[in-house]
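Peer 1: the sequence and its predicted three-dimensional model are supplied below.
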Amino acid sequence: DAMVIQNPRYQVTQFGKPVTLSCSQTLNHNVMYWYQQKSSQAPKLLFHYYDKDFNNEADTPDNFQSRRPNTSFCFLDIRSPGLGDAAMYLCATSRAPGDTQYFGPGTRLTVL
Amino acid sequence: GQQLNQSPQSMFIQEGEDVSMNCTSSSIFNTWLWYKQDPGEGPVLLIALYKAGELTSNGRLTAQFGITRKDSFLNISASIPSDVGIYFCAGLSTGGGNKLTFGTGTQLKVEL
């Protein structure tokens, strides 16, 4: 089945230690998104890639970076995680900007 | 960022009852989406609505795209225990930069 896959599902890191979360998709969608979600709140968009074009949200901290080496994969890098970065990180894809988005299962990040 | 007004915030119902929740906005949307999120998982798309006035069903779920394009409702008939979770509405519009605007979520709890 075509899908959005996130690895790992659970990630524990130490305060200040860089961490990378990964997302892959078999939908062959052109757009990939990264969201941050804190408990019982709606997901908050961090940035997205439309093909190779990177689009950062104005309020996304510089601590968060992303890479998209090819159509299928997209990575979220947190350079120096703080306690406030503990959250669920969701990857989503859409065929084109403005199309329906499909989410992965998420990665729960814990910062010690 | 902007959020849609979603109500009710939470519901505690008996198994077998019908459920209704809705989202309203001051802005027009071109697409309305309804997602369900289980604890520790990513949002799963339930229904997508693309046309004002559209009424769409998916099993026990029925959703409508309001004629004014500023609202949508989701009905669940004959609720079962696995309906428990958080339901999010989300809107898409070109005016919104083709980004998802989420509702505040409805937490559904089902009593056996």
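Peer 2: That came through fine. Residues are numbered from 1 along each chain as shown, chains lettered A, B, ... in the order given.

Peer 1: which residues touch the strand or helix carrying B:V110?
Peer 2: Element membership of B:V110 [criterion: DSSP states H and E] is strand B:106-111. Surrounding strand B:106-111, the residues in contact under the criterion Cβ atoms under 8 Å, 6 or more residues apart in numbering or on different chains are A:40, B:6-15, B:19, B:21, B:76, B:79-81, B:83-88. Yep, even glycine has a C-beta here, placed from its N, CA and C like the rest.

Peer 1: burial of the closest residue to B:N98 other than its chain neighbours, as a residue count?
Peer 2: Nearest non-adjacent residue to B:N98, counting by Cβ to Cβ, 6 or more residues apart in numbering or on different chains: A:G98, 3.6 Å away. For A:G98, the tally of surrounding residues (other Cβ atoms under 10 Å in any protein chain shown) stands at 18.

Peer 1: same deal with the one 3 residues further on?
Peer 2: Using other Cβ under 10 Å, A:Q101 has 28 neighbouring residues.

Peer 1: assign the residue nearest the centre of chain A to helix, strand or coil.
Peer 2: The structure's chain A has its C-alpha centroid closest to A:W34; by Cα atoms, centre = their mean the separation is 3.1 Å. Assigned by DSSP: H, G, I helix; E, B strand; the rest coil, the conformation of A:W34 is strand.

Peer 1: enumerate the residues of chain A near chain B.
Peer 2: With the criterion set to Cβ under 8 Å from any Cβ of the partner chain, chain A comes near chain B through A:4, A:6, A:40-45, A:59, A:88, A:90, A:92, A:97-106, A:108.

Peer 1: out of those residues, which are buried?
Peer 2: When the residues of chain A next to chain B are checked for burial by 16 or more other Cβ atoms under 10 Å in any protein chain shown, the buried set is A:4, A:6, A:42-45, A:88, A:90, A:92, A:97-106, A:108.

Peer 1: among these, which lie within strands?
Peer 2: Of the positions in those, A:4, A:6, A:44-45, A:88, A:90, A:92, A:102-103, A:108 sit in strands, assigned by DSSP state E.

Peer 1: picking that back up, average pLDDT for the strand holding B:V110?
Peer 2: Along strand B:106-111, the predicted confidence averages to a pLDDT of 91.

Peer 1: which parts of it are buried?
Peer 2: Those would be B:106, B:108, B:110, for strand B:106-111 by 16+ other Cβ under 10 Å.

Peer 1: what does stretch A:63-75 give?
Peer 2: Going by neighbour count (16+ other Cβ under 10 Å), the buried part of stretch A:63-75 is A:64-66, A:68, A:71-72, A:74-75.

Peer 1: and what of stretch A:16-34?
Peer 2: By neighbour count with 16+ other Cβ under 10 Å, stretch A:16-34 contains the buried residues A:19, A:21, A:23-25, A:27, A:29-34.

Peer 1: repeat for stretch B:76-90
Peer 2: When neighbours are counted by 16+ other Cβ under 10 Å, the buried residues of stretch B:76-90 are found to be B:76, B:79, B:83, B:85-90.

Peer 1: for the residues you listed, work out which two are farthest apart.
Peer 2: With distances taken as Cβ to Cβ, the most widely separated pair in those is B:S79 and B:A90, at 21.8 Å.

Peer 1: before we move on, the earlier item: what are the bridge partners for the residue nearest to the centre of chain A, then?
Peer 2: Residues in a beta bridge with A:W34, per DSSP bridges, are A:F47, A:C91.
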